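> have a look at this prediction, sequence included:
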Amino acid sequence: MDLKYTVRQEHNGYKLVGCLKAELGFSSTMIRRIKVCDGASVNGIARHMGHIVQAGDIIQVHVPDKPTSEMPMEIGLSPIYMDDYIFAIDKPAGIGMYRMHTDDDVNIIAGVLAMQMRLGMSDIPVRPLSRLDRDTTGVILFARFPHIQHQLQLKQNYSKEYLLITDGMPDRDSGTIDLPIGKDDVHSFRMSCFPEGKPALTEYNVLDKCGNHCLVSARLLTGRTHQLRVHFMTIGCPIHGDTLYGNVSPEICGQALHCHRVTFRHPVSGETTIVEAPLHREFLNSLEVCGLRLPAHI
């Protein structure tokens, strides 16, 4: 990664290290990587991190990317949002985020690497800001530079909103599920709710009901593994089609769970940015099977 930045008046007299941390959000780990390769200069002259910068100085930084062992695999991904710092994809169902086995070439990281090469994007490796389960669809954000990834993850200034279908009815049409989550004592690949787990909060709102099914909008306030799937199973209404925490449904492969919208404060412009992914065909089929309707605003 190569970055050029002009020092603003409010950072006049700062040390170079302080300017990189205060303005660009560089972590101490990133600073060490820059120092190892002598990757910082001011006005075209190599400088150490204790150098005092002045307003108007031009800082240039080179941060070596960590190597990746993943090989690109073309799976037809395209960005649904992209600017100079961040991009997003709409994840399909049936593909995991990472390689689970040595011969498991088809995964989202490999697909994004191939997409970056196809689009002439030099910012490799892939820097996901979140992850989705294999059979969950929707928005995944990626940072194009390590300091952008660090800023967004450090400040947690983005929110994820999901649409899901339940088998069963919550006791209330809206509320917050506050149930700690940890690894299941019996099945290591499952999660469960118990007091000693990590804190987990989910806000939800029922959008439509029919028979024994609900269409629900949910927002994660924490990011635990399988959080929505475990929370809704625990309150007695597992997600439709979830073979791990619920029951098989013939019209959908996996759970009816879609990351519909991600909202974040852009780390560079400061503007509120919204990225949305439309519902996939299988989710729409499940709505029809369950007799549910989408609200007009979705």
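Noted; the coordinates are in hand.
> got the domain boundaries for this structure?
The chain breaks down by automatic domain parsing into domains covering 2-62, 79-290.
> what's the end-to-end length of the last one?
Start-to-end span of domain 79-290 (Cα to Cα, to the nearest Å) is 31 Å.
> if we can go back for a sec, wait, which of the domains of the chain is closest to Pro72?
Closest of the domains of the chain to Pro72 is domain 79-290, at 3.9 Å (criterion: Cβ to Cβ). Using the backbone N, CA and C atoms, a C-beta is placed for each residue, glycine as well.
> just the helices in the stretch 51-200 of the chain please.
With DSSP state H, counting those that start in this stretch applied, the stretch 51-200 of the chain shows helices at 108-118, 146-155, listed in chain order.
> out of the domains of the chain, nearest to Glu70?
That would be domain 79-290 among the domains of the chain, by Cβ to Cβ, at 5.2 Å.
> so which of the helices of the stretch 51-200 of the chain is the most packed in?
Of the helices of the stretch 51-200 of the chain, the one with the most neighbours on average (mean count of other Cβ atoms under 10 Å) is helix 108-118, at a mean of 21.
> gap between that helix and the chain center?
Distance, stretch centre to chain centre, for helix 108-118: 16 Å (Cα atoms, centre = their mean, to the nearest Å).
> and if you look at stretch 141-157?
10 Å.
> ditto for stretch 247-254
25 Å.
> show me what counts as buried in that stretch.
Buried residues in stretch 247-254, counted by 16 or more other Cβ atoms under 10 Å: 249, 252, 254.
> and the first one, its phi and psi?
So the one you mean is Ser249. According to degrees, to the nearest 10, the main-chain angles of Ser249 amount to phi -130, psi 120.
> please name the nearest non-neighbouring residue to it.
Closest residue to Ser249 apart from its sequence neighbours, by Cβ to Cβ, 6 or more residues apart in numbering: Gly241 at 3.9 Å.
> sorry, back to before: closest to Arg131 out of the buried residues of stretch 247-254?
Looking across the buried residues of stretch 247-254 and measuring by Cβ to Cβ, the closest to Arg131 is Gly254, at 15.3 Å.
> how about the domains of the chain in CSV, adding distance to Met71?
Converted to CSV, the domains of the chain look like this (distance: least, Cβ to Cβ, whole Å):
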stretch, distance to Met71
domain 2-62, 24
domain 79-290, 6
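> single out the most deeply packed of these.
domain 79-290 (a mean of 18).
> and it, what's its mean pLDDT?
Taken as a whole, domain 79-290 has a mean pLDDT of 91.
> for the helix or strand where Glu203 lies, packing partners?
Secondary-structure element containing Glu203, defined by DSSP states H and E: strand 201-210. Contacts defined by 3 or more Cβ pairs under 8 Å, 6 or more residues apart in numbering; DSSP states H and E place strand 201-210 against strand 174-178, strand 213-220, helix 227-234.
> sheet-wise, list the partners of that strand with their directions.
Strand 201-210 has the following sheet partners, assigned by DSSP bridges: strand 174-178 (antiparallel), strand 213-220 (antiparallel).
> show me the residue at the heart of this protein, geometrically.
Geometric centre of the chain, nearest residue: Ser130, 2.3 Å, by Cα atoms, centre = their mean.
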